[in-house]
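Chemist: Need coordinates for the following:
(one chain, ligands or ions: 1)
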Amino acid sequence: MRIDGIPASPGYAEGPLFDLDQPPAAYQGKANATEERAALEAAIGKAVSRLAALVDAADGDAAGILEFHIAMLEDDALSGPAFASIGSGQPADAAWRAALDSEVAGYEASDQDYFRARAADLRDIRDQVLRAMGEDGEVATPQGAILYGEDIAPTRFLETDWSEGGGIALKRGSTASHVAMLARSRGVPMVVGLGATAGPLTGNALLDAEHGAIVFSPSPAEVETFRQSASSFADRQGAARTFLTEPAVTKAGTAVRVQVNIAYPSDVDGIDIATCDGVGLMRTEFLFGKTLPDEETQYHAYRKVLEWAGDKPVTIRTVDAGGDKPVPGFTVEETNPFLGLRGIRLSLARRDIFRVQIRALLRAAIHGNLKVMFPMIATSDEYSQAAALFVEAQGALAARGVAHRLPPLGIMVEVPSVALAPEAFADVAFFSIGSNDLTQYVMAAARDNAAVAHLNSVRHPAVLRLIAAVAAFGRDKGIPVSLCGDAGGDPAAIPALLEAGLRDLSVAPAQLAMAKAAIADVAV
Ligand SMILES: C=C(OP(=O)(O)O)C(=O)O
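Modeler: Sure thing, here's the model as predicted:
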């Protein structure tokens, strides 16, 4: 039986199924409310210590996620309702479960992908504490298994030993979740959105996370076809690694710049700067987590990346909050967030917050080769207003004698109005095509909706025509044009992008080698 879903991290896995939805071990009730209360306190303490031990062994992103979980566990707002229910006679496990389930329900009901993705974090915290209450509820994840269930907790991911292979298959899940991000950076195959249809929970399965599918109880013929695809994927990856340290060049000898996309400053820790041409996109909205980052925090984050890159360019995008990336305390509730107050529209509406980021960027600029770009630009007036804020902040810093530099200012091309009439933007320093959003707006197909994923193709002639038009405009006017959407790292899309005239792509670090190998195979 085969079920199709959405690929969240490419690769292949074959192995026994492991049911992620097994309930934690039963809790032995206590004699009175005081003891119940003590049991919950002890379980929260145990869960925090377990997470703290994991933080010590974790790297950048993973440590950040675990610290976020510890902060939530230590937050009285989360445990308060559970302690109140214990006071009115509920056992500790039921009180904790009810309190957390009600939080989870709130997140799950959100129409925003980001908040739905955070529900997995809350379920994780809930189960950590429930497991700590049970006698020994921990069911170890077998090595090399395909973890299958509704969703997966980030700690489950981090505790699993992936050295023997294995993968993740989720009925729900999201390509934007913390686990999806971790899976992509560690090369663990993952498919989400498989739907409610329950497959068998035992036996072997085949996970094709290159195309997005799982096959339960496969036939010998299915196993054979799967192994051929898996081996071809492994061959392509192995062959690609030889391209990593070389500059990207097509079969015809055309040089192509390949930069990386990052989200957190710690992302650069695992990348050898010699393998890329710089940072084509740093998404700053991920710095805007639970609280809005102050100027110093942002300055140090940007400076770290600039110093890592040396004289290679680092393109930092001003905060692209909204749409599928809401930021508490910044973005607004909207019926149609993808078409609402997001990106530069929100920054211009909240100049108090925007000015903090601008100052941090201007100060960081002296530490490297910074370029700054604005997201979701639809009109030249928005660009002019944003650029004027940079000039104004520059004047203020100069008056205070603060060291700074005004970087080149460019724009994302992700709204069709820009791609259709680029002549309105002849004075920008550069264009960077955001093919994820450009495709969703051209095709009228939300990028986070599995039901319309088949429409969301950058290779549709309408999208390619716009990309080619922007590339041609840039060539005519001497304005550099790059592409930083996910299509830049997709070997299937790369030939079409180069044929459309692009010579500068920015890709996820894990896709660098495959992208360079795909470029070497194109005859432009
Ligand atoms: C790179 C892009 O931006 P985002 O962060 O919205 O994916 C894009 O839209 O292609």
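
Chemist: what about the stretch 301-450 of the chain, any weak spots by pLDDT?
Modeler: 450 (pLDDT under 70).

Chemist: Would you mind listing what in it touches the ligand?
Modeler: 320, 414, 434-437 (CB under 6 Å from any ligand atom). Just so you know, the C-beta spots here come from the backbone N, C-alpha and C atoms, and that holds for glycine as well.

Chemist: And stretch 212-226, how far out from the chain middle?
Modeler: Here the centre of stretch 212-226 is set off from its chain's centre by 29 Å, with CA atoms, centre = their mean, to the nearest Å.

Chemist: List the buried residues for that stretch?
Modeler: 212-216, 218, 226 (16 or more other CB atoms under 10 Å).

Chemist: where are the low-confidence patches of the stretch 1-150 of the chain?
Modeler: Judged by pLDDT under 70, the stretches of the stretch 1-150 of the chain that qualify are 24-25, 57-61, 111-114, 116-117, 135-140.

Chemist: All the strands of it, in order from the start?
Modeler: Remark: strands assigned in the stretch 1-150 of the chain by DSSP state E, counting those that start in this stretch are 2-4, 6-9, 12-19, 146-149.

Chemist: So for the ligand, which of the ones you listed sits nearest?
Modeler: Relative to the ligand, the nearest member of those by CB to the nearest ligand atom is strand 6-9, separated by 14.3 Å.

Chemist: Report the strands that pair with the closest one, each with its relative direction.
Modeler: Its sheet considered, strand 6-9 pairs with strand 190-192 (antiparallel) by DSSP bridges.

Chemist: Name the residues that touch whichever helix or strand comes after the partner strand?
Modeler: Under the assignment DSSP states H and E, the closest C-terminal helix or strand after strand 190-192 is strand 204-208. For strand 204-208, contacts defined as CB atoms under 8 Å, 6 or more residues apart in numbering pick out 12-17, 146, 148, 167-169, 189, 191, 199, 213-218, 222-223, 226, 229-230.

Chemist: Report the entries of these that also contact the ligand.
Modeler: Within those, nothing lies near the ligand by CB under 6 Å from any ligand atom.

Chemist: now for the strands of the stretch 1-150 of the chain, which one comes closest to Thr331?
Modeler: When the strands of the stretch 1-150 of the chain are compared by CB to CB, strand 6-9 sits nearest Thr331, at 23.8 Å.

Chemist: Send over the closest one as PDB, restricted to the C-alpha atoms.
Modeler: Once non-C-alpha atoms are left out, strand 6-9 reads as follows in PDB (Å, rounded to 0.1, in the frame of the first residue of the first chain):
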ATOM      1  CA  ILE A   6       5.200  16.000   0.700                       C
ATOM      2  CA  PRO A   7       9.000  15.600   0.800                       C
ATOM      3  CA  ALA A   8      10.400  17.600   3.700                       C
ATOM      4  CA  SER A   9      14.000  16.300   3.600                       C
END
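
Chemist: Could you shift the numbering so residue one becomes 123, and keep it that way?
Modeler: Taking 123 as the first residue, the last one we looked at is strand 128-131.

Chemist: So what's the gap between that strand and the chain middle?
Modeler: On CA atoms, centre = their mean, the centre of strand 128-131 falls 12 Å from the chain's centre.

Chemist: Could you do stretch 607-617 as well?
Modeler: With CA atoms, centre = their mean, you get 17 Å for stretch 607-617.

Chemist: any idea of the mean pLDDT for that stretch?
Modeler: Here stretch 607-617 scores 91 as its mean pLDDT.

Chemist: Buried by neighbour count: which residues of that stretch qualify?
Modeler: Here stretch 607-617 shows 607-613, 615-617 as buried, counting by 16+ other CB under 10 Å.

Chemist: Among those residues, which are located in strands?
Modeler: Among these, no member falls in strands (DSSP state E).

Chemist: So which of those residues reach the ligand?
Modeler: Gly607.

Chemist: that older thread, biggest separation within the buried residues of stretch 334-348, which pair?
Modeler: Gly334 and Pro340 (16.4 Å).

Chemist: Spit out the contact partners of Leu292.
Modeler: 127, 270-274, 312-316.

Chemist: Count the neighbours of the closest residue to Gly186 other than its chain neighbours for me.
Modeler: Nearest residue to Gly186, sequence neighbours excluded (CB to CB, 6 or more residues apart in numbering): Tyr386, at 7.0 Å. Using other CB atoms under 10 Å, Tyr386 is surrounded by 19 other residues.

Chemist: Distance of Tyr386 relative to the ligand?
Modeler: Separation of Tyr386 from the ligand (CB to the nearest ligand atom, to the nearest Å) stands at 13 Å.

Chemist: and what of Asp198?
Modeler: Asp198 is 34 Å from the ligand, by CB to the nearest ligand atom.

Chemist: Then Ala508?
Modeler: 17 Å.

Chemist: give me the element that residue is part of.
Modeler: Per DSSP H and E: helix 502-521 holds Ala508.

Chemist: List the buried residues for that helix?
Modeler: Buried, per 16+ other CB under 10 Å, within helix 502-521: 502, 504-505, 508-509, 511-512, 515-516, 519.

Chemist: Quick one: list the elements packing against it.
Modeler: helix 466-471, helix 473-486, strand 491-496, strand 531-535 (3 or more CB pairs under 8 Å, 6 or more residues apart in numbering; DSSP states H and E).

Chemist: Which one, of these, ends up nearest to Ala640?
Modeler: Nearest to Ala640, of the helices and strands packed on helix 502-521 and by CB to CB, is strand 531-535 at 22.2 Å.

Chemist: could you check the angle strand 491-496 makes with the closest one?
Modeler: Interaxial angle, strand 531-535 versus strand 491-496 (axes from the mean of the first three to the mean of the last three CA atoms, to 10 degrees): 50 degrees.

Chemist: which residues are contacting strand 531-535?
Modeler: 437, 439, 465, 493-499, 505, 508-509, 512, 540-541, 544, 547, 550-556, 559-560, 592, 603, 606.

Chemist: Out of those residues, which end up buried?
Modeler: Buried among the contacts of strand 531-535 (16+ other CB under 10 Å): 437, 439, 465, 493-499, 505, 508-509, 512, 540-541, 544, 547, 550, 552-556, 559-560, 592, 603, 606.

Chemist: for the record, mean pLDDT for stretch 381-395?
Modeler: Here the average pLDDT along stretch 381-395 is 89.

Chemist: hmm, back to that, looking at the residues of the stretch 423-572 of the chain next to the ligand, which two lie furthest apart in space?
Modeler: Farthest apart among these - using CB to CB - are Asp442 and Ser557, which lie 14.4 Å from each other.

Chemist: tell me how far the ends of stretch 324-334 are from each other?
Modeler: Separation of the first and last residues of stretch 324-334 by CA to CA, to the nearest Å is 20 Å.
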